[in-house]
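*Asks:* Have a look at this prediction, sequence included:
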Amino acid sequence: MAVDVRAFIELMRPKNMVLAAITVPLGALFGLNATLNSEQITSVAVQILAVLTFMGAGNAMNDIKDAAIDAQAHPNRPIPSQRVSIQSAQKFVAGLWIFSLAAMAYGSFELAQNNATWWPLTVIYICAAAMMLTYDLGPTTKNKGLLGNICISLMVAAVILYGAASVDEISLLVFYVAGVVFFTNLAREIIKDCQDILADEGVRHTLPMKVGLENARMVAYILIMAGLVCLYVPYWRGPFSFGQLILQTPAILVLISLNGPLYKGEDVQVSARIRVAMLLGLLGFILTMYL
């Protein structure tokens with residue numbers, strides 16, 4: 001039984017969900033200038049659960065859809081390794097969706113009860129859900145390469161906006177942070193496609209297949225630089241001071257040092273380091289707010 005529980009947790013890809021657990025409250029904190037009262041903390045906590053189960057459902061759906069591909073590319077994942085059956089995974093996904101929808105509905109209801117603007121929370125959720133469903137089920141944007149990469153990255157970035165919407169405070173700063181997440185995640189998705197180019201052959205039409213591995217990695221690096229610009233702007237134009245940019249040094253160093261590994265085609269290393277850089281960047285923003 002314990003093995004089954006671990007397999008279902010793995011199906012949700014908890015490493016990817018760590019970013020969501022950070023970005024929901026981060027979006028709320030940016031909107032409220034780093035202050036949350038007890039009622040807002042409860043609202044944000046509920047929406048963290050909404051996002052975590054949303055992402056878990058999406059990741060599990062992806063593994064169900066990619067069971068045949070993963071048998072070759074990622075044989076140790078729960079479904080290819082037969083630790084979780086497809087039928088059990090489908091029931092698990094349904095439960096996650098129900099929980100996520102209920103949490104979002106509760107958040108919108110609470111906002112309306114407090115005479116706050118409730119509809120952005122609902123609209124962001126519905127748009128993200130639409131992208132999630134069309135990614136795997138139809139028209140399967142996942143198989144369309146770059147379009148699918150963009151959809152995934154928009155969903156990840158939308159979590160920042162969703163966090164701010166949960167407390168009815170979406171500011172310009174929130175959009176800058178969402179930009180950092182969008183561009184860096186899009187770069188990571190392209191690099192992952194470089195990594196899986198052989199396994200995806202005949203199934204997906206990815207950017208590396210269309211323009212070649214070297215050009216795709218170059219596009220990824222340009223996107224990383226765009227993420228750096230979004231990281232820089234809040235310290236240049238406000239609300240932060242330029243001197244506080246030093247708190248983003250770890251994230252900046254990780255990102256600008258990716259040129260060498262990209263040139264060498266070290267896709268696995270680059271993908272992992274981009275994820276680390278995103279986490280460091282978000283932590284840098286948190287430190288900036290409180291120091």
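*Replies:* Good, I have the coordinates. Numbering: from 1, shown residues only.
*Asks:* in the helix or strand harbouring Tyr263, what's buried?
*Replies:* Tyr263 is part of helix 259-264, with elements assigned from DSSP states H and E. Neighbour-count burial for helix 259-264 flags Pro261, Leu262 (criterion: 16 or more other CB atoms under 10 Å). Any C-beta I mention is one placed from the backbone N, CA and C, and that applies to glycine too.
*Asks:* again, but for stretch 228-236
*Replies:* Within stretch 228-236, the residues that qualify as buried are Leu228, Cys230, Leu231, Tyr232, Val233, Pro234, Tyr235, counting by 16+ other CB under 10 Å.
*Asks:* can you tell me which residues contact the second one?
*Replies:* Remark: with contacts taken as CB atoms under 8 Å, 6 or more residues apart in numbering, Cys230 is in contact with Tyr176, Val177, Gly179, Val180, Phe183.
*Asks:* Please tell me how far the residue lying closest to it once chain neighbours are set aside sits from Tyr232.
*Replies:* Closest residue to Cys230 in three dimensions, ignoring its sequence neighbours and counting by CB to CB, 6 or more residues apart in numbering: Gly179, at 3.6 Å. Note on Gly179: its distance to Tyr232, by CB to CB, to the nearest Å, is 11 Å.
*Asks:* related to what we said a few turns ago, what residues does the residue nearest to Cys230 make contact with?
*Replies:* By CB under 8 Å, 6+ apart, the contact set of Gly179 is Ala157, Ala226, Gly227, Cys230.
*Asks:* residue boundaries of the strands in the stretch 1-150 of the chain?
*Replies:* Read by DSSP state E, counting those that start in this stretch, the stretch 1-150 of the chain holds no strands at all.
*Asks:* can you give me the helices for it?
*Replies:* 2-11, 14-31, 38-65, 67-73, 86-113, 119-136, 146-165 (DSSP state H, counting those that start in this stretch).
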